[in-house]
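Chemist: Take a look and give me a structure for this.
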Amino acid sequence: MSLTVGVYTPAEVTEDELLRLLAGIGAELHPDQWTSAVLSRGAQHVWITIGPADTEELLEPDDAARITHLLGGPAGLETELRVSTVDGRRPPGPAVEIVTAIAARHQVAVFGEQTVFGPAELRSRSAAGGSAADVFR
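Modeler: Modelled structure (predicted):
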């Protein structure tokens with residue numbers, strides 16, 4: 001079982017730029033024909049797929065508006081993170097590492113299980129501890 005999180009970036013950010021950034025933190029690029037990258041830390045894995053953002057079609061209007069607000073304009077790419085389960089839990093570490101690395105270079109909006117939030121809220125949630133479901137709810 002896995003948890004899926006969307007990380008949105010502005011229109012000017014390219015897929016190649018995100019792939020270079022992911023490689024820089026140790027992600028394996030293109031491990032198969034469906035996946036852009038995978039980041040592994042021990043038994044923790046995050047499968048990453050990068051594609052065009054379709055916030056207007058796939059999200060509720062309030063969520064799409066919040067993403068646009070956090071980015072300062074329309075989203076260009078969605079980086080989908082699928083966080084694997086370890087021993088019945090989903091540790092947030094590698095997923096938080098990915099979002100933090102992207103946020104260090106670009107505006108980001110995170111779409112968790114229930115809400116849209118920015119990097120400052122992610123840091124706060126991560127500091128509180130818990131599983132990925134707690135951090136990315």
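
Chemist: So which residues of the protein form helices?
Modeler: 15-24, 55-58, 61-71, 93-103, 119-127, 132-135 (DSSP state H).

Chemist: Packing partners of the second one?
Modeler: Right, helix 55-58. helix 61-71 (3 or more CB pairs under 8 Å, 6 or more residues apart in numbering; DSSP states H and E). All C-beta atoms are positioned from the backbone trio N, CA, C, and that covers glycine.

Chemist: next one: the fifth one
Modeler: In this structure, helix 119-127 packs against helix 93-103, helix 132-135, with contacts taken as 3+ CB pairs under 8 Å, 6+ apart.

Chemist: quick one on the thing from earlier: mind checking which of the helices of the chain is nearest Gln44?
Modeler: Nearest to Gln44, of all the helices of the chain, is helix 93-103, at 5.1 Å by CB to CB.

Chemist: and the angle for the closest one with helix 119-127?
Modeler: 160 degrees (axes from the mean of the first three to the mean of the last three CA atoms, to 10 degrees).
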